[in-house]
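A.B. asks: can't give you the sequence, but here's the structure:
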């Protein structure tokens, strides 16, 4: 029931977005689709477009992601990893957002995205097609250290 | 008069675009140069920097900041045009030296020209020097010619001195004929040349006198007593010179203290030069930056740090006190002035900074009884800070007389130096040679569960190391404690005039001695008994040679011999290395054996565990995944300690590439952060991690000329060195490298049309606010790419690509017409030994 409501809400939100400068195609509005599209657009250098998908994913699924995170005390085992779909996709979106903000030179926003991921969504996992999960929150922690040192360099 | 001189400076800055007419005149205020009708006294500095288009603005701004209106050189050449143009831009005049050879080896180290009987040599020298007169006589920044420096002093016989003075007259007449608009000066050490000039060289307009300390106050009277009427110029002036100073108990000249030097320049100028009516002015020695015994005595900068002469000269010329005072040394005492070579010497050093700036201390020495070249060198002493005012250093390992220096640096780039002397006699007590001191036992203690410790001489040691064979003093200064070599032949390389391993020992740096083993990909066959036998003999010989050297820390047998891209599971390789490790440990029970592999994987670890049980420490070279090596090892069940033996930034094989396959190099700023973060991440595996070696403490072409190098080829340190200094010591170095803020161009990562003009702009911030010099180059993309860090050739420089560059970091450049990949490089230097380098790849369609 909750999922159905979310999809309806998402559809409405998607229609409202059509009138914006970028006509996003949210596809089936699933978190995996939105995350995949965000990756793709970032890869093409279309950062603003990627952020549209990221924001949509966060808007629709962040509450569920936080719930899933609250139910974990460590990384889910590989065989159950995909059960935490919202956590995984929303967390990954925060990682992509951090990458985009870095490329845009917006260090403060990048740090905010990475901190959110490392702090609130730390058990998120991202599937690598080579056959394993990697951990965006750990990567975010690495980026945070890097950015923090770069900010020290600027002092 | 003062007001009129000031207005001269303004005139110089604004109005000269044609040759200046300079005369010597006597006025009621005394002798002056009259430059286009405006009288002026010279407030000058001698100038020994190497000028280039990209540092001329910085250096000329230094001159004007001092309040100087002139600089003096000793010789003239093609590069003098840069100086003249820069001086003109900043309203500074130049006394251009015309170098005349000395008659015998003297302080300038010149050869032995005989003016009395070498007519051909005289003629050749005449032609050489006259070309510069022709070339520069109309330059508006030219003040006067300085023909010959201390030549009479450095001629042995009366006959030759007389011949020289006559020759000088010939040169002067010729110069006057070509250039009647600039006065002629020749330079004497004290007044030694004056009698000859008076008799044989009437064409000189002004007598240049080099004099130091209070002697300067006696020049006018001495010349008057000699019946001289011509005006004089103090062509070198500074604190009391070495030859005038008394000697101490070891026969070493007692150098004036830094406050004494300051006073002799700042007050001496006012007391000895300004009141001398027949003095046209003077040049303070020396606006330069070197790193040697003479530099300590007289230079205004050392490695970019201000010496008291800088502030003293500014006060002499402007009346302004230093912006930030030098650290003040209350006392610098050694527990003894004579000791056995290599023994520890206790030191009491009390120093205070008026502004309470944090201070760094280091101890150096120079030989006082070696050759002139050797005695001018400064060498870092291995020392320990014992707290409060107590230190100790290890005396040089050979017999001799040494000047010992305490260098104290505040965080405002002021360098104070205090000095004393030490004589070493007798048998070396702890000499750096293996035979004399013997080994320092190194052992690994602990276990995987509770953690491992590396003990050296019984003391715990965390390896803060670097891979490389140069810049050992900087490594020590910045908090490093070990170097790693890849082969044992490197231990014999000369560093600071000594074997690398001996120099490392002097500095208290432990050496992981690599022993290079054959690589399968280079044809070494680990099943070929004859090859193995030969290699075993080589390893045995190396171990026997160095096993007792006190600098030895670890044996590093083999580097990535399993291959950078192979799985690393070949039992033949590991079994043989196991054999070698066992042999080494039987010969040398005092040093653990480490073997270095290219990255880790569960299969490789399993293979090493199975076939190589003799290994004490696993060395791992890793780049992108370096911070997580400890995790991988633990997950793979590795229970012995490890050292991260190469790390830094992701390798060219690990980063994103352009569409045409060029690896995208991280920025200099990002690199610094990567080095720092990886160091910290590695240490988070403290239980089994014994430390790390950063790569590369030097420079190297690998994909690009800047990918892994932490220094430029000229020795300038890059931001990664600053990052490691911070990581190792918790502090920044005294002078930091420029930090990249942005680097943009329309060609970045793009395919562009050939033969067209484009622009780029790089913005850097210097943490100390130093003026920055930008140097731009376009190189072809490397076509000589190899694996495993093997030597690559540097790609071709695109000649004449740079059309125009500005001091704001902007550049206009031509891209070549020929299709292919290229990179635009910018190198930024702060003029004080620190730099940054970045590049952008592009492709010509």
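C.D. replies: Looks like it came in fine. This one's a predicted model, so the numbers in the text were calculated from it and none came from an experiment.

A.B. asks: What are the boundaries of the strands in the stretch 101-250 of chain B?
C.D. replies: B:142-149, B:184-189, B:206-210, B:232-237 (DSSP state E, counting those that start in this stretch).

A.B. asks: Mean confidence (pLDDT) on the second one, please.
C.D. replies: When the per-residue pLDDT values of strand B:184-189 are averaged, the result is 96.

A.B. asks: That one - contacts with which helices or strands?
C.D. replies: strand B:142-149, helix B:158-178, helix B:194-200, strand B:206-210, strand B:232-237 (3 or more C-beta pairs under 8 Å, 6 or more residues apart in numbering or on different chains; DSSP states H and E). In this view, the C-beta of every residue, glycine as well, is placed from N, C-alpha and C.

A.B. asks: let's go with 6 Å and repeat that
C.D. replies: For strand B:184-189, the packing partners by 3 or more C-beta pairs under 6 Å, 6 or more residues apart in numbering or on different chains; DSSP states H and E come out as strand B:142-149, strand B:206-210.

A.B. asks: Show me the contact partners of it.
C.D. replies: With C-beta atoms under 6 Å, 6 or more residues apart in numbering or on different chains as the contact definition, strand B:184-189 has outside contacts at B:144-150, B:153, B:172, B:204-206, B:208-210, B:233, B:235.

A.B. asks: and the nearest residue to residue A:132 once chain neighbours are set aside, what pLDDT?
C.D. replies: In space, and not counting its chain neighbours, residue A:132 is closest to residue A:78: 7.2 Å by C-beta to C-beta, 6 or more residues apart in numbering or on different chains. pLDDT for residue A:78: 87.

A.B. asks: For burial, what's the neighbour tally of residue A:78?
C.D. replies: Residue A:78 has 12 neighbours, counted by other C-beta atoms under 10 Å in any protein chain shown.

A.B. asks: Same question for residue B:509.
C.D. replies: Using other C-beta under 10 Å, residue B:509 has 23 neighbouring residues.

A.B. asks: got a list of what it touches?
C.D. replies: residue B:483.

A.B. asks: The one 3 residues further on too?
C.D. replies: By C-beta under 6 Å, 6+ apart, the residues touching residue B:512 are B:484, B:553, B:554, B:556.

A.B. asks: Under the pLDDT cut-off, which ranges of the chain? List them.
C.D. replies: Assuming you mean chain A. A:1-22 (pLDDT under 70).

A.B. asks: wrong one, chain B
C.D. replies: Looking along chain B with the criterion set at pLDDT under 70, you get B:1-17, B:105-111, B:430-437, B:564-565, B:788.

A.B. asks: residues in it within reach of chain A, list them.
C.D. replies: B:669, B:673, B:676, B:677, B:739 (C-beta under 6 Å from any C-beta of the partner chain).

A.B. asks: Now neighbour count, secondary structure and distance to residue B:82 too, for the residues you listed, in CSV please.
C.D. replies: Below are those laid out as CSV (neighbours: other C-beta atoms under 10 Å in any protein chain shown; DSSP: H, G, I helix; E, B strand; the rest coil; distance: C-beta to C-beta, whole Å):
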residue, neighbour count, secondary structure, distance to residue B:82
B:669, 24, helix, 31
B:673, 25, helix, 36
B:676, 25, helix, 38
B:677, 24, helix, 41
B:739, 22, strand, 28
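
A.B. asks: So for the residue in the stretch 51-200 of chain B positioned nearest to chain A, what's the nearest residue that isn't a sequence neighbour?
C.D. replies: Nearest residue of the stretch 51-200 of chain B to chain A: residue B:58, at 22.0 Å (C-beta to the nearest C-beta). Of all residues not flanking residue B:58 in the chain, residue B:771 sits nearest, at 4.1 Å (C-beta to C-beta, 6+ apart).

A.B. asks: Is it correct that the one you found is in contact with residue B:59?
C.D. replies: No: counting by C-beta atoms under 6 Å, residue B:59 is not a contact partner of residue B:771; they are 9.1 Å apart.
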